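[1] my questions are about this predicted structure, shown below with the sequence.
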Protein chains: 2
Amino acid sequence: MLTPERHRKIIEVLGEKQVVTIQELVDATVSSESTIRRDLSQLQKEKKLKRVHGGASLLHQKSEELSVVEKSARNASEKEQIAQFASDFIDKGDCIYLDAGTTTLKMIPFLQDKEVTVVTNAISHLDALNEYEIKTYLIGGLVKSKTKALVGSAALKSLNSYRFDKVFLGINGIHLHAGFTTPDPEEAAVKQLAISLSQKAFVLADHTKFNEASFSKVAELNEAIIITNEVDEEVAYDYQDKTDIRVVTS
Amino acid sequence: MLTPERHRKIIEVLGEKQVVTIQELVDATVSSESTIRRDLSQLQKEKKLKRVHGGASLLHQKSEELSVVEKSARNASEKEQIAQFASDFIDKGDCIYLDAGTTTLKMIPFLQDKEVTVVTNAISHLDALNEYEIKTYLIGGLVKSKTKALVGSAALKSLNSYRFDKVFLGINGIHLHAGFTTPDPEEAAVKQLAISLSQKAFVLADHTKFNEASFSKVAELNEAIIITNEVDEEVAYDYQDKTDIRVVTS
DNA sequence: CATTTTTCAATCAAAAACAATCAAAAATAA
DNA sequence: TTATTTTTGATTGTTTTTGATTGAAAAATG
């Protein structure tokens, strides 16, 4: 039985029964226990089910917790795919900086079991971070009323007292000469500093952001790894020596 | 039978019967007494039921008191009065610190035309502050998930870079010997520092807070002016030399 | 009130389920 | 075809769950 077929079957059985044992799945799919375990691990990572000791159970098996962020990752949007892929780079126990932005927001469900400490300047991320019970520090600063992000010199000063394993940023433009750019100078300054405080920096951007440039420069291309959902040949060729691009797989 | 399945079953049985014995659950789930006991312990910790001798009962969420609603309504208007009265002390152009808490929250509508700059540790105040278009700085720090306030050493450090004309604090206890007190030590530390950074400090408290003491001391009585809605004679007499009490006038 | 019975939490060893590893098999690429 | 990668299932030692047993605590009984 082929992998996607098995996965479909598992989800199907689970849909009928709420919970299944590994053994039931072994019988239903005629494959080994090891294989089923691997399937369950993968499906759990994709947020399609929850593993429990002895088998698996439906994710939100009726009432509780349908979340702020998560709209059943079954048909993940581009941004969700990028977010999930990005979160694979995070190790257990990492301290990470999560920039404001919709893509970074979508990373939050995938942080749940990583025991990370998150620092952010995004007030709008706090509900989701709280929901997934993630230890969170907010930097200080001026509350920018439109975007609900923290900016300004106080924000920079506050941010400067942290150090990170990884930072994850959204960005508006990726350009061969202009580098990473974003419209707002104040937010650019925050992103810039965040990059400099981290071992590794990741920029999350869908393919439409390539060869675009905004007003404020955040960093040079080589200062961060780009995570995106697709690159056409031309882009791949143009950027290959300038930066590190990782494309969503699976 | 898998753990979550058993748990579902227990809750289900309990939903029908109000109370169940351990033995009934042993029969219903075909597992041992020990296992059921463990399940009950866990479910109790998750606040899904209440253990009783011999079994478990569902926690009576009916809630008898309608008076709670009335009480909170009356409380709300008291708090509003206090809030309005407190905001009279603010001058145009002041820089003020607004502590987390319901009473301080109610001050926000009265700040609109005062051209104040607000610094706060209360994430829950931001919506209102934004609504009334008040220039707002948030201090940094650890996000305390329950109260949505910023606390911890990072919060203190961040707060320490501001200076205020006035600070407004909520408080849980006002006591002749214990001074101003509040239940949480971390929040107490923030309040304490805020007072020391300000020219003037105001404590907002309704009359029920007098002669009460909580766990953590915030300050001595003479370090802040108390704003309250009413004081009986005895309190007025006892406190007159120790602190400055202003009673709402309308 | 003392005694008996029931229920309880704590402990422990057996059983079940687990992640990790590895070599064989299958699929894919060269 | 052959070489290389991916997937699979068996095996390993480890962790988690389980049910039996214990003496202590709580209710029931006389």
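    Great, that's in hand. Residues are numbered from 1 along each chain as shown, chains lettered A, B, ... in the order given.
[2] report the contact partners of the residue in chain A positioned nearest to chain B.
    Taking CB to the nearest CB, chain B has its nearest neighbour within chain A at residue A:140, 3.4 Å off. To be clear about C-beta, it is placed using only N, CA and C from the backbone, and glycine gets the same treatment. By CB atoms under 8 Å, 6 or more residues apart in numbering or on different chains, the residues touching residue A:140 are A:150, A:154, A:155, A:157, A:158, B:137, B:138, B:139, B:140, B:141, B:158.
[3] pull up the per-residue confidence for the residue nearest to it when sequence neighbours are not counted.
    Taking CB to CB, 6 or more residues apart in numbering or on different chains, and ignoring the residues beside it in sequence, residue A:140 has residue B:140 as its nearest neighbour in space, at 3.4 Å. The pLDDT attached to residue B:140 in the predicted structure is 97.
[4] pull stretch A:239-247 out as PDB, backbone CA atoms only.
    The C-alpha coordinates for stretch A:239-247 follow below in PDB (Å, rounded to 0.1, in the frame of the first residue of the first chain):
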ATOM      1  CA  TYR A 239      20.200  34.500  -6.500                       C
ATOM      2  CA  GLN A 240      22.200  31.300  -6.100                       C
ATOM      3  CA  ASP A 241      25.500  32.900  -5.300                       C
ATOM      4  CA  LYS A 242      24.000  35.800  -3.200                       C
ATOM      5  CA  THR A 243      22.000  34.000  -0.600                       C
ATOM      6  CA  ASP A 244      20.700  30.700   0.700                       C
ATOM      7  CA  ILE A 245      17.200  29.800  -0.500                       C
ATOM      8  CA  ARG A 246      15.200  26.900   0.900                       C
ATOM      9  CA  VAL A 247      12.100  25.800  -0.900                       C
END
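[5] what are the buried residues along that stretch?
    Going by neighbour count (16 or more other CB atoms under 10 Å in any protein chain shown), the buried part of stretch A:239-247 is A:239, A:243, A:245, A:246.
[6] list the contacts for residue A:133?
    Residue A:133 makes contact with A:112, B:145, according to CB under 8 Å, 6+ apart.
[7] let me fix that, I meant to ask about residue A:172.
    Applying CB under 8 Å, 6+ apart, the residues contacting residue A:172 are A:181, A:182, A:183, A:209, A:212, A:214.
[8] out of these, which is most surrounded?
    When neighbours are counted by other CB atoms under 10 Å in any protein chain shown, residue A:182 leads these with 24 neighbours.
[9] report pLDDT for it.
    pLDDT at residue A:182 comes out at 96.
[10] could you do the one 5 residues further on as well?
    pLDDT recorded at residue A:187 is 96.
[11] name the element it belongs to?
    Assigned by DSSP states H and E, residue A:187 falls within helix A:185-196.
[12] show me where chain A has helices.
    Under the criterion DSSP state H, chain A carries helices at the ranges A:3-17, A:22-29, A:33-45, A:78-87, A:102-107, A:126-131, A:153-159, A:185-196, A:233-239.
[13] could these go into TSV alongside distance to chain B?
    Below are the helices of chain A laid out as TSV (distance: least, CB to the nearest CB, whole Å):
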stretch	distance to chain B
helix A:3-17	9
helix A:22-29	10
helix A:33-45	13
helix A:78-87	20
helix A:102-107	15
helix A:126-131	5
helix A:153-159	4
helix A:185-196	12
helix A:233-239	36
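[14] which of these sits closest to residue A:177?
    helix A:233-239 (11.0 Å; CB to CB).
[15] the closest one - what's its average pLDDT?
    On average, the pLDDT along helix A:233-239 is 88.
[16] equivalent analysis for stretch A:112-128, please.
    Per-residue pLDDT over stretch A:112-128 has a mean of 94.
[17] how far is it from where the chain is centred?
    In terms of CA atoms, centre = their mean, to the nearest Å, the centre of stretch A:112-128 is found 11 Å from the chain centre.
[18] quick one: that stretch near DNA strand C?
    No. Using CB under 7 Å from any atom of the strand, stretch A:112-128 stays clear of DNA strand C, with a minimum separation of 11.2 Å.
[19] mind listing what's buried along that stretch?
    A:114, A:116-123, A:125-128.
[20] what does stretch A:97-104 give?
    Neighbour-count burial for stretch A:97-104 [16+ other CB under 10 Å]: A:97, A:98, A:99, A:100, A:101, A:103, A:104.
[21] now for the buried residues of stretch A:112-128, which pair is the farthest apart?
    A:114 and A:123 (22.3 Å).
[22] burial of the residue lying closest to residue A:209 once chain neighbours are set aside, as a residue count?
    Nearest residue to residue A:209, sequence neighbours excluded (CB to CB, 6+ apart): residue A:174, at 5.2 Å. The tally of other residues near residue A:174 (other CB under 10 Å) stands at 27.
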